[in-house]
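Q: Generate coordinates for the sequence data below:
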Amino acid sequence: MLNQIKIAGLEFYAFHGCNKEERDKGGAFTVDVEIDFDFTASAETDDLSLTLDYAKITELVQLEMDTPSKLIETVTKRILDKILLLSKKSKIKVKRLLVRVTKLNPPLDVKTSGISSVIIYKNI
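A: Alright, predicted model coming up:
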């Protein structure tokens, strides 16, 4: 069976960007995470140790958003790597993991609702 935990629209004020103003002034970001894995055992037993704790995942995301980077692609990859490490330590086999980091107000001359970096990991 395949199940999903979805963490949607985490909001952060962070200091990611290639130009000095972005790193000094900061800006608004959102992060979305989708994790596909079998959590049948935890659902049947009501045992948190048999699943991935979304509170821990949120803490990992917060730590990476607090670490400034020039590229949101770098932040996205760090978040993905940390979640995969957590799943390995928890002995949870992740089938698919999506991480999306969106810069809501990128320094562009056109109006946009945001620019995102997305990584999709698949373990088939």
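Q: I'd say residue 1 and residue 41 touch.
A: No: Residue 1 sits out of contact with residue 41 when judged by CB atoms under 8 Å, with a separation of 10.1 Å. (Glycine included, C-beta is placed from N, CA and C.)
Q: These two: which has the busier surroundings?
A: Under the neighbour definition other CB atoms under 10 Å, residue 1 and residue 41 were set side by side, and residue 41 has more, 11 against 7.
Q: hang on, that one is in a helix, isn't it?
A: Yes: the assignment for residue 41 is a helix, going by DSSP: H, G, I helix; E, B strand; the rest coil.
Q: wait, what's in contact with it?
A: Neighbouring residues of residue 41 by CB atoms under 8 Å, 6 or more residues apart in numbering: 47, 50.
Q: All the helices of the protein, in order from the start?
A: 20-25, 40-45, 54-65, 72-89 (DSSP state H).
Q: Output the contacting helices and strands for the longest one.
A: If contacts are counted by 3 or more CB pairs under 8 Å, 6 or more residues apart in numbering; DSSP states H and E, helix 72-89 sits against strand 27-37, helix 54-65, strand 96-103, strand 115-122.
Q: Rebuild those as CSV, extending it with mean neighbour count and distance to residue 10.
A: Formatted as CSV, the helices and strands packed on helix 72-89 follow (neighbours: other CB atoms under 10 Å; distance: least, CB to CB, whole Å):
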stretch, mean neighbour count, distance to residue 10
strand 27-37, 19, 4
helix 54-65, 16, 6
strand 96-103, 22, 10
strand 115-122, 14, 13
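Q: and the helices of the chain as JSON lines, adding mean pLDDT and distance to residue 106?
A: Below are those laid out as JSON lines (pLDDT from 0 to 100; distance: least, CB to CB, whole Å):
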{"stretch": "helix 20-25", "mean pLDDT": "90", "distance to residue 106": "9"}
{"stretch": "helix 40-45", "mean pLDDT": "92", "distance to residue 106": "39"}
{"stretch": "helix 54-65", "mean pLDDT": "98", "distance to residue 106": "16"}
{"stretch": "helix 72-89", "mean pLDDT": "97", "distance to residue 106": "9"}
